[in-house]
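1. take this sequence and fold it.
(one chain, ligands or ions: 1)
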Amino acid sequence: MVQSNFMVNTAFVCGRAPLNTRIVGGANATPGTWPWQASIQTSNTSLHLCGGSLINVEFVLTAAHCFTISNDPSGLVVFLGRQSQRGSNPNEVSRTVTQVIVHPDFNRGIMNDNDIALVKLSTPVTFTNFIVPACLATPASSFHSGIDSWITGWGDIGTELPLPLPQILQEVRIPVMGNRECKCLISMRAITDNMICAGFRAGGKDACQGDSGGPLVSKQFGRWVQSGIVSFGEGCATPDSAGVYTRVSRCTYNHNPSSYHHNPSTYHDNFSTQHHNKHKPSTYDHYFSTYNHKPST
Ligand code: ARG
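-> Predicted coordinates:
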């Protein structure tokens, strides 16, 4: 079965960024450092709509709220291997979009709960040093407060301050903040178990408008594992606040990649959470690459 073969390959290659050799904070990213980073754009106006992350050869993970106005896939284009929004991108490929799958329980109201969506590319991409899928956190993952994480994107560099030309992909290092602390700090919306927070109490480093849908990643056991999706915040980089991310581990099933070989029928609904793990047939099956790493203690 072709699909299960690429899943095995994805689980094998995900989260390795051969060109990610340095760790510095809040700066232009070097090409190839974050090879899963995607830019989702409107094709007619070339407007960067949202960030995203490649998770296998033909799916990009992003935020559901990116499609609040429309989830019509026509008119969307996804760029991978992109470094600059206004310069040359020798390692780039682009794909049109055939499907936008918004989480069935996405709360479109004030809550932003289950802010997760999948974008299906028109044709599969070939992995290169500059185009590699991220590993996804599973229910067995844990991201304790203080765990070193990175966010990346082309979003604003401050409230209403667009990224200056040539708009090089930005990277910022921030720690995970525990949900209890985050709940105390964020008053405007409920922080649910489907969310994970990150940022410094002092503020100053955060995602901002335009970074939505982009990945929050941590390096675990030599691989980059995506723990969150940029979702919302109170302003940007505000002291005594935090960035709020969709908790990826609540939306993946903790399966063993080797079981793909033997028993494809044991695939589970990849959008199910620990609470309701009922199997919903077809649509959400097969989509996620999961890297079955041990929980850190
Ligand atoms: N909702 C914003 C977007 O659509 C992302 C906001 C993230 N804000 C933050 N302070 N972390 O781009």
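
2. just the closest residue of the protein to the ligand, please.
-> For the chain, the residue closest to the ligand is Gly233, as judged by Cβ to the nearest ligand atom, at 2.1 Å. In short, each C-beta sits where N, CA and C put it, glycine included.

3. how many neighbours does that residue have?
-> The number of residues packed near Gly233 is 25, by other Cβ atoms under 10 Å.

4. specify the beta-bridge partners of it.
-> Gly243 (DSSP bridges).

5. who's in contact with it?
-> For Gly233, the contacting residues are Asp206, Ala207, Cys208, Ser241, Ala242, Gly243, Val244, by Cβ atoms under 8 Å, 6 or more residues apart in numbering.

6. quick one: the residue lying closest to the third one once chain neighbours are set aside from Ile55, how far?
-> When the adjacent residues along the chain are set aside, Cys208 lies closest to Cys236, with 3.7 Å between them (Cβ to Cβ, 6 or more residues apart in numbering). Here the distance between Cys236 and Ile55 works out to 26 Å (Cβ to Cβ, to the nearest Å).

7. do the same with Lys120
-> Using Cβ to Cβ, Lys120 is found at 11 Å from Ile55.

8. more neighbours: which of these two?
-> With neighbours defined as other Cβ under 10 Å, Lys120 and Ile55 compare such that Ile55 has more, 27 against 16.

9. can you map out the strands along this structure?
-> 27-28, 37-42, 47-54, 59-62, 76-80, 93-102, 117-121, 135-136, 148-153, 170-177, 195-198, 215-220, 223-233, 243-247 (DSSP state E).

10. which residues of the stretch 101-250 of the chain lie near the ligand?
-> Counting by Cβ under 6 Å from any ligand atom, the stretch 101-250 of the chain comes close to the ligand at 155, 206-212, 230, 232-233, 236, 243.

11. cutoff 5 Å now
-> Asp206, Ala207, Gln209, Gly210, Ser212, Phe232, Gly233, Cys236, Gly243 (Cβ under 5 Å from any ligand atom).

12. OK, contacts around the third one?
-> By Cβ under 8 Å, 6+ apart, the contact set of Gln209 is Gly155, Asp156, Thr159, Glu160, Cys236.

13. can you rerun that using 7 Å?
-> The contact partners of Gln209, by Cβ atoms under 7 Å, 6 or more residues apart in numbering, come to Gly155, Asp156.

14. and it, what are its phi and psi?
-> The phi/psi pair for Gln209 (degrees, to the nearest 10) reads phi -50, psi 130.

15. start the count at 41, not 1, going forward
-> Noted, 41 is the first residue going forward, which turns the last one into Gln249.

16. that one and Cys291: what is the separation?
-> Taking Cβ to Cβ, one finds Gln249 at 24 Å from Cys291.

17. for the strands of the chain, give me CSV that also has mean pLDDT.
-> Output for the strands of the chain, formatted as CSV (pLDDT from 0 to 100):
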stretch, mean pLDDT
strand 67-68, 88
strand 77-82, 98
strand 87-94, 97
strand 99-102, 98
strand 116-120, 98
strand 133-142, 97
strand 157-161, 97
strand 175-176, 96
strand 188-193, 96
strand 210-217, 96
strand 235-238, 97
strand 255-260, 96
strand 263-273, 96
strand 283-287, 96
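
18. same list (those strands) but as a markdown table, adding distance to Cys224.
-> As requested, those are exported to a markdown table (distance: least, Cβ to Cβ, whole Å):
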| stretch | distance to Cys224 |
| --- | --- |
| strand 67-68 | 31 |
| strand 77-82 | 32 |
| strand 87-94 | 28 |
| strand 99-102 | 29 |
| strand 116-120 | 37 |
| strand 133-142 | 30 |
| strand 157-161 | 29 |
| strand 175-176 | 28 |
| strand 188-193 | 20 |
| strand 210-217 | 10 |
| strand 235-238 | 11 |
| strand 255-260 | 20 |
| strand 263-273 | 15 |
| strand 283-287 | 13 |
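
19. okay, now the unreliable bits of the stretch 41-190 of the chain?
-> Where the stretch 41-190 of the chain drops to pLDDT under 70, the residues are 41-49, 61-66.

20. now the helices for it?
-> Here the stretch 41-190 of the chain has its helices, by DSSP state H, counting those that start in this stretch, at 42-53.

21. switch the residues of the stretch 141-290 of the chain next to the ligand over to TSV; also include distance to Pro113.
-> Supplementary listing: those in TSV, determined by distance: Cβ to Cβ, whole Å:
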residue	distance to Pro113
Asp246	30
Ala247	25
Gln249	23
Gly250	21
Ser252	18
Phe272	24
Gly273	27
Cys276	29
Gly283	28
